[in-house]
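Q: Predicted model and sequence follow; I will ask about them next.
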Protein chains: 2
Amino acid sequence: MSTNNLDNFKNTGDYNQSLDRGLQVIQAFSQNNKALTISDVSKITGLSRPTARRILLTLEYLGFAEASNGLFTLTARTLSLGYAYLSSNNTWSIAHPFMRDFVEKTGESCSISILDGTNIIYVARISTKRIMSINLDVGSKLPAYATSMGHVLLANLSPEELETYMNNLDFEKFTDKTIHNKQELLQTLQDVREQNWGGVDQQLEEGLRSIAVPIRNASGKVFAAMNCSAHAGRISKEVLRDEFLPLLQESVEKISQAMAATNNSQYV
Amino acid sequence: MSTNNLDNFKNTGDYNQSLDRGLQVIQAFSQNNKALTISDVSKITGLSRPTARRILLTLEYLGFAEASNGLFTLTARTLSLGYAYLSSNNTWSIAHPFMRDFVEKTGESCSISILDGTNIIYVARISTKRIMSINLDVGSKLPAYATSMGHVLLANLSPEELETYMNNLDFEKFTDKTIHNKQELLQTLQDVREQNWGGVDQQLEEGLRSIAVPIRNASGKVFAAMNCSAHAGRISKEVLRDEFLPLLQESVEKISQAMAATNNSQYV
C-alpha cells in the first residue's frame, strides 16, 4: 500500500474495524495496567463499554485473557502472537550469541531495536542487572529521540524520512537532560552520523547511560541498532566510550557478517 | 466464563469473529511461513480468500504487517502484543537473574514454561548454543507429553484436569523414544510426581535431553516449570541428574522465595 492508500484505507470496505479494536484492547494492558475492568479498558482505548466488553469476552474465549471477579488479565498465549514474528524472522536469533558474548565481557545489558514510527521497538535483549524503573523486554517501545539506539536509527534515515519523523514528533522532558527541541536533535543526529555511534547520558532516565552503533545490511543500509546500557553511577562515560564501544562495534561487525552469510532477503 | 459458557459463546452476540480470525492470521506466520500470499494465508487458516485479504490489508494498515510483491510478512510491531502480557506480568522478570546465574554455572540453556491447553508455552528463556532444529523463544509452543517441563506440569494437574488433557490428546511420534500411549504417559507422570522432577531423553528430538522441576506459589500449587536442556552428545543423563538437577532445584527455590516476597496475587 502506498502512503496515499493508507490514508484512505479506513474508508474502504477492506478495513476491519473489529480487528483494529481488538489489537488496541490487548495493548491497553501494561506494567501499570495489569488487571483491568471493562470500564478501565473502555477508558484507556476510548472504545464504548459494550465494545470493550465484547472484545474482552472474545479474548477470554480464545484463551488470550482470563477474568476473575470482573478483572481481566492477559494470558501467556498472547506471547504466541509475538512469537509468530520472531519465528518468521531469524535475523535476531542470529545476533543472540554475539550479544551474549558482549554481555559476558562487559557485565552490562545489550539490546537491539528497530525504528517503528516515532518509537524504537526492542527486538532482542539480554539484560544483566535491572537499572531502569520500567521493565524493558522484547517488544518494549521507547521514544527514539531520547535513546542512543533511536539516535543511531534517526541519523541514518533519508532526509525525507527524517522530515516525516520530525513533523510527527512531540518532545517530552523525561529528565533535565532530555533533548527537547528539533534544532538540538538535528545537531545531535549530525554528530552521530559523523562518528557512526550514538550516546545518551541520562536523557531518558536519571542514572541511565548508553551507547549504540548501527547494524547494516550487505548493501550498507542501517536497519537496526545495538546498544549497551549501564548505570551511570557505576560506569563512566569514558568506560562506555573507550572500553565498551570498541567491543560493541566488534560484535556488530560479526553480526553483520553472520547475517550476510545467510540468505535472508531482509538484509542482503 | 465457565466451561459451559465457553462452549456456547460462539453462538452469542458477544463473539467477535473478526478478532478471532485476525489473531488466526497473525499466527499463520512461522519459521516455515515467513512470507505469505493471500492464498497461502487462506489455505493455512481455512478462511476465504476475500476474508484473508481484508485481514492482511488491515494488519498492513495498522503496521503489524508489510507487503512486497504480493508477499506479506509480519513486522516487529507484533512483538508489542506479547509485550503487553510480559510487562503486565512481572513474574518472569523476577526469575531472570536466577536463570542467568544457572546458565552461567552450567553453560546450558534454561527456560520456564506454563501449560496452555495441550501445549507448554515458553514464558522465559536464556539459551546458550542452539541445539534444536526449531528456534525456541519466548512464545514457543511444544506438546506437553514430549517435554520435561510438560511432564512436570501434567504431573501436578488435578485428576479432573489430567483427564481433560488426556481426552484432548493426539500423540505424534517425534522420535523412536517419544511416549505414544496414555498408559505409558500416566506411568511417567506418576514417577515425576513422586520424585518431584521430570526428565526427557530424546523424546522430542534426537540429540536433545532435558530435566525440569516445578515452580510453586506460596500455597504450594505448581504454576510453572523450569528446565535445563542440553545436547545429548555433550551432556550425559548422569551429569544432568547428579550435577545440574540440584542447581536447578536451588534456582527454583530462590525464584519461589523472590516471588513470594513480592505481592503479586498470581502466585501468593
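A: It's in. As the structure is a prediction and not an experimental result, all values here were calculated from the model. Numbering: from 1, shown residues only, chains lettered A, B, ... in the order given.
Q: Report the contact partners of residue A:181.
A: Each residue near residue A:181 by CB atoms under 8 Å, 6 or more residues apart in numbering or on different chains is listed here: residue A:171. (Glycine included, C-beta is placed from N, CA and C.)
Q: Near chain B, which residues of the stretch 101-250 of chain A? Just list them.
A: Selection of the stretch 101-250 of chain A residues close to chain B by CB under 8 Å from any CB of the partner chain yields A:114, A:116-117, A:121-123, A:127-130, A:134-135, A:137-141.
Q: And the buried ones among those residues, selectable in PyMOL?
A: Provided next is the PyMOL selection string for whichever of these are buried by 16 or more other CB atoms under 10 Å in any protein chain shown:
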select buried, chain A and resi 114+116+121+122+123+127+128+135+137+138+139+140+141
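Q: mind listing which of the residues of the stretch 101-250 of chain A next to chain B are in strands?
A: A:114, A:116, A:121-123, A:141 (DSSP state E).
Q: Using a markdown table, please lay out the residues you listed together with pLDDT.
A: Below are these laid out as a markdown table (pLDDT from 0 to 100):
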| residue | pLDDT |
| --- | --- |
| A:114 | 96 |
| A:116 | 93 |
| A:121 | 95 |
| A:122 | 94 |
| A:123 | 94 |
| A:141 | 92 |
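Q: from these, which single one is nearest residue A:157?
A: Residue A:157 lies nearest to residue A:114 out of these, by CB to CB, at 12.2 Å.
Q: which ones are touching the nearest residue to residue A:243 once chain neighbours are set aside?
A: Leaving out its chain neighbours, the residue that sits closest to residue A:243 by CB to CB, 6 or more residues apart in numbering or on different chains is residue A:106, at 7.8 Å. By CB under 8 Å, 6+ apart, the residues touching residue A:106 are A:228, A:243-244, A:247.
Q: Which residue ranges make up the domains of chain A?
A: A:3-80, A:89-261 (automatic domain parsing).
Q: what about residue A:246, how many residues close to it?
A: By other CB atoms under 10 Å in any protein chain shown, 10 other residues sit near residue A:246.
Q: same thing with residue A:221?
A: As a burial measure, residue A:221 scores 10 neighbours (other CB under 10 Å).
Q: again with residue A:163
A: Residues lying near residue A:163 (other CB under 10 Å) number 11.
Q: which SSE is it in?
A: Per DSSP states H and E, residue A:163 falls inside helix A:159-167.
Q: Nearest residue to residue A:141 in space, please, no chain neighbours.
A: residue A:119 (4.3 Å).
Q: As JSON lines, the domains of chain A with distance to residue B:254 would be great.
A: Output for the domains of chain A, formatted as JSON lines (distance: least, CB to CB, whole Å):
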{"stretch": "domain A:3-80", "distance to residue B:254": "22"}
{"stretch": "domain A:89-261", "distance to residue B:254": "16"}
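Q: among the ones you listed, which is nearest residue B:85?
A: domain A:3-80 (4.0 Å).
Q: Compute the distance from the centre of the closest one to the centre of its chain.
A: Here domain A:3-80 is found 21 Å from its chain centre; the criterion is CA atoms, centre = their mean, to the nearest Å.
Q: repeat for stretch A:110-128
A: Chain-centre distance of stretch A:110-128: 4 Å, with CA atoms, centre = their mean.
Q: Endpoints of it, how far apart?
A: With CA to CA, to the nearest Å applied, stretch A:110-128 spans 9 Å between its terminal residues.
Q: out of the domains of chain A, which comes closest to residue B:59?
A: Checking these against residue B:59 by CB to CB gives domain A:3-80 as the closest, at 7.5 Å.
Q: Please report phi then psi for residue A:198.
A: Backbone torsions of residue A:198, given as degrees, to the nearest 10, read phi -130, psi 150.
Q: quick one: contacts for the residue nearest to the spatial centre of chain A?
A: Geometric centre of chain A, nearest residue: residue A:121, 1.3 Å, by CA atoms, centre = their mean. Neighbour list for residue A:121: A:113-115, A:139-141, B:76-77, B:79-80 [criterion: CB under 8 Å, 6+ apart].
Q: and these as JSON lines, adding distance to residue A:94?
A: Converted to JSON lines, those look like this (distance: CB to CB, whole Å):
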{"residue": "A:113", "distance to residue A:94": "16"}
{"residue": "A:114", "distance to residue A:94": "15"}
{"residue": "A:115", "distance to residue A:94": "20"}
{"residue": "A:139", "distance to residue A:94": "19"}
{"residue": "A:140", "distance to residue A:94": "21"}
{"residue": "A:141", "distance to residue A:94": "23"}
{"residue": "B:76", "distance to residue A:94": "15"}
{"residue": "B:77", "distance to residue A:94": "21"}
{"residue": "B:79", "distance to residue A:94": "17"}
{"residue": "B:80", "distance to residue A:94": "22"}
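Q: residues in contact with residue A:139?
A: Neighbouring residues of residue A:139 by CB under 8 Å, 6+ apart: A:82, A:121-122, B:79-84, B:86-87.
Q: 10 Å instead?
A: Residues counted as contacts of residue A:139 (CB atoms under 10 Å, 6 or more residues apart in numbering or on different chains) are A:79, A:81-82, A:85-86, A:121-123, A:125, B:76-87, B:138.
Q: Then residue A:161?
A: A:115, A:154.
Q: That one and chain B, how far apart?
A: Plainly put, residue A:161 is 15 Å away from chain B if you go by CB to the nearest CB, to the nearest Å.
Q: mind checking pLDDT for that residue?
A: Per-residue confidence for residue A:161 comes out at a pLDDT of 95.
Q: residue boundaries of the helices in the stretch 1-150 of chain A?
A: Using DSSP state H, counting those that start in this stretch, the helices assigned to the stretch 1-150 of chain A run over residues A:3-9, A:17-28, A:38-45, A:49-61, A:79-87, A:91-106, A:148-155.
Q: and the third one, what does it pack onto?
A: Where contact means 3 or more CB pairs under 10 Å, 6 or more residues apart in numbering or on different chains; DSSP states H and E, helix A:38-45 is packed against helix A:17-28, helix A:49-61, strand A:71-74.
Q: Out of the ones you listed, the one nearest residue B:239 is which?
A: Residue B:239 lies closest, by CB to CB, to one member of those: strand A:71-74, at 38.1 Å.
Q: ok, residues contacting that closest one?
A: For strand A:71-74, contacts defined as CB under 10 Å, 6+ apart pick out A:25-26, A:28-30, A:33-38, A:40-41, A:52-53, A:55-57, A:59-60, A:64-67, B:81-82, B:84-89, B:265-266.
Q: Which residues belonging to that strand are considered buried?
A: A:72-74.
Q: Pick the one among the residues you listed closest to residue B:158.
A: Checking these against residue B:158 by CB to CB gives residue A:73 as the nearest, at 21.6 Å.
Q: Name the residues linked to that closest one by a beta bridge.
A: Bridge pairing for residue A:73 (DSSP bridges) gives the partners residue A:66.
Q: Starting from residue B:80, give me the distance back to it.
A: 17 Å (CB to CB, to the nearest Å).
Q: Then residue A:141?
A: 6 Å.
Q: Pull up the overlap in contacts between those two.
A: By CB under 10 Å, 6+ apart, residue A:141 and residue B:80 have these common neighbours: A:27, A:116, A:119, A:121-122.
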